[in-house]
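> test case, fold it:
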Amino acid sequence: MGPNEFFAPVADELKIVESSLENNINTTLAVLQDASTHLIKAGGKRLRPAFALLAARVFVDELEDIIPLAVALELTHMATLVHDDVIDDSKTRRGTDTVKRLWGNRLSINAGNFIFSRSLALVAAYQRCDMISILADTSMKICEGEIIQMLSAYNTEVGLKNYLRRIERKTALLISVSCQLGALLTPASNREVTAFQKYGYYLGMAFQVTDDILDFVATEEVLGKPTGSDVRQGIITLPTIYALRFSPHRQELHQWLSSPEECTQRADTILDLVIDAGGIDYAYYAAQYYAEKAKRQLQFLPRTQITENLGNMADFISIRDY
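Numbers count the residues shown, from 1 in each chain. Predicted coordinates:
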């Protein structure tokens, strides 16, 4: 099973989300319209809207009310990506030029802000203070995660705790909130909403650990950006944390990973040493640990084809190769 099969129960709604994404970037400023819709046209997995729709579908059949939320969640995610590419000076994303590369920093920052503001307007239309509060809190934590990552670049002393806090804020929280808010817009009980929130959190942790593995082992065609991007930027992820502790070459790794020049020049060597040290195997183990924790939350939800799919998705995410 791949993502398309997992999302089959909400495929029609995801098509509506897809067309709504561009319609919601509605500005008479042509340059802002072009920059803001550029990333939408590059495609994407649309995980966040899919999870919101799937969570709701467990409890209700009619999903028309969930569509604006699903669109808002993807716009929130996209706003962070546009800003990330400015921060990281990234040239490519999803196999195409970044907004930053095509339009520069100033337009990118404003386009990101514009997209994020649009997502807030969509959520505000529900007139649910709890939903706005949850999304605002998550957005603040995402910003904190970016700062934590920035402060820990080229720092080979960062430990597991720092890494887990980073990936929680970078990925897990928005996936968690997607599941939580999707359930919150239905008659689901508090216990069921919490189970979905936790499922999304653990699944998001597994997803990001796997993403960090793929940065070492996937091809540029698969990633849509160069292999080893994290190493080149001095971002210390789980495979590297393991290698810094257990590689026979850990002294050289500490020295090289502390230096921006060495990270760029020796990136391929660093990748090989991390893989040889067993860093990838260790990270796979961690991804599967989180996937299992996600699956355990499903016992608190109604037994349906969708919840069975969600269990299969947890298995798939921890071993995916794209």
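
> please count neighbours and contacts with C-alpha atoms only from this point.
Noted.

> any buried residues in stretch 106-123, and which?
107-116, 118-120, 122-123 (16 or more other Cα atoms under 10 Å).

> closest to residue 182 among those?
Of all the buried residues of stretch 106-123, residue 182 sits closest to residue 123, with 11.9 Å by Cα to Cα.

> show the pLDDT at residue 292.
Here, the pLDDT recorded for residue 292 equals 97.

> what about it, which helix or strand?
Using DSSP states H and E, residue 292 maps to helix 279-297.

> now do the buried residues in that helix.
Per 16+ other Cα under 10 Å, helix 279-297 contains these buried residues: 279-280, 282-288, 290-295, 297.

> do stretch 251-269 as well
In stretch 251-269, counting by 16+ other Cα under 10 Å, buried: 253, 254, 256, 257, 258, 259, 262, 263, 264, 267.

> isn't the first one up against residue 270?
Okay, so that is residue 253. Yes. Judged on Cα atoms under 8 Å, residue 253 makes contact with residue 270 at a distance of 6.9 Å.

> pLDDT on stretch 156-176, on average?
Stretch 156-176 carries an average pLDDT of 95.

> how far does it stretch from start to finish?
Stretch 156-176 stretches 29 Å from its first residue to its last (Cα to Cα, to the nearest Å).

> what's that stretch in contact with?
Defining contact as Cα atoms under 8 Å, 6 or more residues apart in numbering, one finds that stretch 156-176 is touched by 47-48, 51, 73, 77, 138, 141-146, 148-149, 152, 196-205, 207-209, 236-238, 241, 244, 254, 257-258.

> go again with 7 Å.
Applying Cα atoms under 7 Å, 6 or more residues apart in numbering, the external contacts of stretch 156-176 come out as 48, 138, 141-142, 145, 148-149, 152, 197-198, 200-201, 204-205, 208, 237, 241, 254, 257-258.

> got the angle between the helix or strand residue 197 falls within and helix 279-297?
Residue 197 belongs to helix 190-217 when elements are defined using DSSP H and E. Calculated by axes from the mean of the first three to the mean of the last three Cα atoms, to 10 degrees, helix 190-217 forms an angle of 170 degrees with helix 279-297.

> could you point out where the protein is predicted with low confidence?
1-3, 321-322 (pLDDT under 70).

> tell me the residue furthest from the middle of it?
residue 248 (32.7 Å; Cα atoms, centre = their mean).

> just give the closest residue to residue 113, not the sequence neighbours.
residue 79 (6.8 Å; Cα to Cα, 6 or more residues apart in numbering).
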